[in-house]
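Chemist: return a 3D structure for these sequence lines:
(chains A and B)
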Amino acid sequence: MNAPDRMNSSRAFLLHAFRQAGVLLLAALIPALLAGVFHPRRPAWSRDQAMIPEVAWGTVREWPGLKLLVDARSEEAFQRQHISGAFPLSEARWEERLPAFIKAWQPGARVVVYCDNTGCQASQAVARRLRRELGINDVFVLKGGWGAWLVAQKSLP
Amino acid sequence: MAGSAKIAALITSAGRIVLAAVFLYAGGLKALDPAGFALSIDNYRLLPYPAAAALALYLPWLELGSGLAVLWPRIRTGALAVLLGLGLVFSGVIASAWLRSLDISCGCFGDGAHGRSALAVSLLRSVFLVLLCAWLLGREWELHYADRAGRSQ
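Modeler: Below you'll find the model as predicted:
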């Protein structure tokens, strides 16, 4: 093959690849649109609807009735220190811890999940799974997580 | 010569099967829970939430379609190009989360372990898939070139 032939061959290969990629990119739109309308777990279009609601520690402390705190941080972080009475339930040890959680949870109890701070997402993930897999609707995420709880403890008289 | 060509063909086929299996598995998990995947994308804090929701509906099907198409010779080149593009984007996004020390999970295979070390593992896996895609695309190019050269003789 001479140089012009090689150039033509490269061009044909790229054209071939782009055309096929275009077909795949367009074809994926069809099930995506159908999923957006009919999928039972289709995403909400606003973050407020999609996220588990956050509550401040001050509000949680004042809540009457049953509440169960869930520590979604790593096992090591939980062993080092945790909020008194909190139950360890991280995604990494979900299967192992879940049966004990189910025993600890009482119907009607509000569940408040926390992780390290505002930057962590483990509490949202665990709270979402509790709502989805166990059908617990009264699930909340502690605003600011463990960090906010520590600050609240220091400001106590 | 014939023996080494046979081995190369076998390795190529194995590579295609591995790539297809990974993307079919990843796409399938995400297609089952687009709401969860939207939050995983949102955790990276790179896009407005509605864009994350739209991508969560679209990307799993693109992964599933392209994963299947890798096994179909007629459209394999395009599928490898799409997967290479996806792999590069995923690697860049995971690397940015790792550099920003975000305490999130990759979201590549549904929910998973959180934190920097988990992201590093995901980044390595993503880079491996990019290299595999690039190599397989190179093999397609060789086959295309050989086919053209054969025809021009």
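Chemist: from here on, contacts and neighbour counts on C-alpha atoms
Modeler: OK.
Chemist: list phi and psi for A:Glu54.
Modeler: Phi and psi for A:Glu54, reported as degrees, to the nearest 10, are phi -100, psi 150.
Chemist: contacts for the lengthiest helix in chain A, please.
Modeler: For chain A, the helix that runs over the most residues, judged by DSSP state H, is helix A:3-27. Helix A:3-27 has contacts (CA atoms under 8 Å, 6 or more residues apart in numbering or on different chains) with B:62, B:65-66, B:75, B:77-79, B:81-82, B:141, B:144-145, B:148.
Chemist: ok, stretch B:100-114 next?
Modeler: Identification of contacts with stretch B:100-114 by CA under 8 Å, 6+ apart yields A:91-92, A:119-122, A:125, B:25-27, B:29-30, B:33, B:36-37, B:40-41, B:43-44, B:94, B:115-116, B:118-119, B:122.
Chemist: can you rerun that using 7 Å?
Modeler: A:91-92, A:119-122, B:26, B:29-30, B:37, B:40, B:43, B:94, B:115-116, B:118-119, B:122 (CA atoms under 7 Å, 6 or more residues apart in numbering or on different chains).
Chemist: among those residues, which are in helices?
Modeler: Using DSSP H, the contacts of stretch B:100-114 in helices are A:122, B:26, B:29-30, B:37, B:40, B:43, B:94, B:116, B:118-119, B:122.
Chemist: for B:Ala56, give me its contacts.
Modeler: Taking CA under 7 Å, 6+ apart as the criterion, B:Ala56 is in contact with B:34, B:37-38.
Chemist: swap the cut-off to 8 Å and go again
Modeler: If a contact means CA under 8 Å, 6+ apart, then B:Ala56 has A:43, B:30, B:34-35, B:37-38, B:41 as its contacts.
Chemist: where does it sit: helix, strand or coil?
Modeler: Assigned with DSSP: H, G, I helix; E, B strand; the rest coil, B:Ala56 falls in the helix class.
Chemist: pLDDT score assigned to it?
Modeler: Confidence at B:Ala56, expressed as pLDDT, is 96.
Chemist: quick one: name the residues of chain B near chain A.
Modeler: B:32-36, B:38-39, B:43, B:49-50, B:53, B:56-59, B:61-62, B:65-66, B:75, B:77-79, B:81-82, B:102-104, B:111-114, B:141, B:144-145, B:148-149, B:152 (CA under 8 Å from any CA of the partner chain).
Chemist: now residue 113: which helix or strand?
Modeler: No chain in the question, so chain A it is. strand A:110-114 (DSSP states H and E).
Chemist: output the contacts of B:Ala56 in CSV; the columns should cover neighbour count and distance to A:Asn137.
Modeler: Converted to CSV, the contacts of B:Ala56 look like this (neighbours: other CA atoms under 10 Å in any protein chain shown; distance: CA to CA, whole Å):
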residue, neighbour count, distance to A:Asn137
A:Pro43, 25, 18
B:Lys30, 26, 23
B:Pro34, 29, 20
B:Ala35, 22, 17
B:Phe37, 28, 20
B:Ala38, 27, 20
B:Ile41, 23, 24
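Chemist: neighbours of the nearest residue to B:Val93 once chain neighbours are set aside, how many?
Modeler: Nearest residue to B:Val93, sequence neighbours excluded (CA to CA, 6 or more residues apart in numbering or on different chains): B:Tyr44, at 7.6 Å. Counted by other CA atoms under 10 Å in any protein chain shown, the residues lying close to B:Tyr44 total 21.
Chemist: and if you look at A:Arg11?
Modeler: 12.
Chemist: now B:Gly138
Modeler: B:Gly138 - counted by other CA under 10 Å - has 14 other residues nearby.
Chemist: surely it is within a strand?
Modeler: No - counting by three-state DSSP, one finds B:Gly138 to be helix, located in no strand.
Chemist: near chain B, which residues of chain A? Just list them.
Modeler: Contacts of chain A with chain B, taken as CA under 8 Å from any CA, map to A:1, A:9, A:13, A:16-22, A:24-25, A:28-29, A:31-33, A:35-36, A:41-47, A:50-51, A:91-92, A:119-122, A:125.
Chemist: now which of those would you call buried?
Modeler: Of the members of these, the ones counted as buried by neighbours, 16 or more other CA atoms under 10 Å in any protein chain shown, are A:9, A:13, A:17-18, A:20-21, A:24-25, A:28-29, A:31-32, A:35-36, A:42-45, A:47, A:50-51, A:91-92, A:120-122, A:125.
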